[in-house]
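**Q** just coords:
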């Protein structure tokens, strides 16, 4: 039974996807899906689901869980899994994937749409599979969407034309602008990321559907 994670975001998150690296539907066949909502509640640990893990090869994988309500993130968890089959998965006040600039305070507000994003990763930061659950509230749990997320025309920040995938082998400090004086308090995990442009000593990183993009030093990019 576990988990809560984070989606890397700056301000105004609305359509967060993971945050993170380049998402491929199922590069090696591994999947992580929500089967049902089993328990509701807005305190840490109350909201529970059944998830299904399939096609894992017995090695260690990582699940990044990000829970978002409004503009705040209530969970940003890194959890390891290795076994196929059904399992319980809960929303916790857990930020083991890393600190976020906009954490929420428990209990989660009742009666507000809650979005849960899951990415199956190996290694951390390299996404093999993505899944999204949206419910009408932590207190009610009525499912509004449950499936593989897609970027639609309504996404406020679609992937720019000309963006390229670049590797950030060691992770990187993150900046709000292409300026060394705008350092943020969280770091970009190692992995593959969409880079949209460069400006001087900085490269701009696109994080799915977020209104604002972040910057990292060009020196953090791999060859």
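**A** Thanks, I have the structure now. If you're wondering where the values come from, they're calculated on a predicted model, not measured in any experiment.
**Q** Next one: the closest residue to residue 93 other than its chain neighbours from residue 100, what distance?
**A** Once flanking residues are discounted, residue 93 sits nearest to residue 44: 4.1 Å by C-beta to C-beta, 6 or more residues apart in numbering. Using the backbone N, CA and C atoms, a C-beta is placed for each residue, glycine as well. Separation of residue 44 from residue 100 (C-beta to C-beta, to the nearest Å) stands at 16 Å.
**Q** Of these two, give the one with the bigger neighbour count.
**A** residue 100 (25 against 17; other C-beta atoms under 10 Å).
**Q** And the strands in the protein, which stretches?
**A** Ranges of strands in the chain, per DSSP state E, are 31-39, 48-54, 61-69, 72-81, 85-90, 114-121, 127-135, 143-147, 164-168, 172-175, 183-188, 191-199, 202-206, 214-217.
**Q** Quick check: which of the ones you listed is nearest to residue 104?
**A** Across the strands of the chain, residue 104 has its closest neighbour in strand 72-81 (3.6 Å, C-beta to C-beta).
**Q** list the buried ones in the closest one?
**A** Of the residues in strand 72-81, 72-79, 81 count as buried by neighbour count, 16 or more other C-beta atoms under 10 Å.
**Q** Quick one: distance of it to the chain centre.
**A** Put simply, strand 72-81 sits 8 Å off its chain's centre (C-alpha atoms, centre = their mean, to the nearest Å).
**Q** start at 45 instead
**A** With the count now opening at 45, the last piece we talked about shows up as strand 116-125.
**Q** Just list what that strand packs against, helices and strands only.
**A** For strand 116-125, the elements it packs on are strand 105-113, judged by 3 or more C-beta pairs under 8 Å, 6 or more residues apart in numbering; DSSP states H and E.
**Q** Does anything pack onto the strand it packs on? Which helices or strands?
**A** With contacts taken as 3+ C-beta pairs under 8 Å, 6+ apart, strand 105-113 sits against strand 116-125, strand 158-165.
**Q** And residue 72, what's its pLDDT?
**A** As predicted, residue 72 sits at a pLDDT of 49.
**Q** okay, the strands of the chain in a markdown table with mean pLDDT next?
**A** Output for the strands of the chain, formatted as a markdown table (pLDDT from 0 to 100):
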| stretch | mean pLDDT |
| --- | --- |
| strand 75-83 | 97 |
| strand 92-98 | 97 |
| strand 105-113 | 93 |
| strand 116-125 | 94 |
| strand 129-134 | 97 |
| strand 158-165 | 91 |
| strand 171-179 | 89 |
| strand 187-191 | 91 |
| strand 208-212 | 84 |
| strand 216-219 | 92 |
| strand 227-232 | 84 |
| strand 235-243 | 86 |
| strand 246-250 | 90 |
| strand 258-261 | 92 |
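**Q** measure the residue located most distally from the centre of the chain to residue 222 for me?
**A** What lies farthest from the middle of the chain is residue 244; by C-alpha atoms, centre = their mean that is 28.4 Å. Computed with C-beta to C-beta, the distance linking residue 244 and residue 222 is 6 Å.
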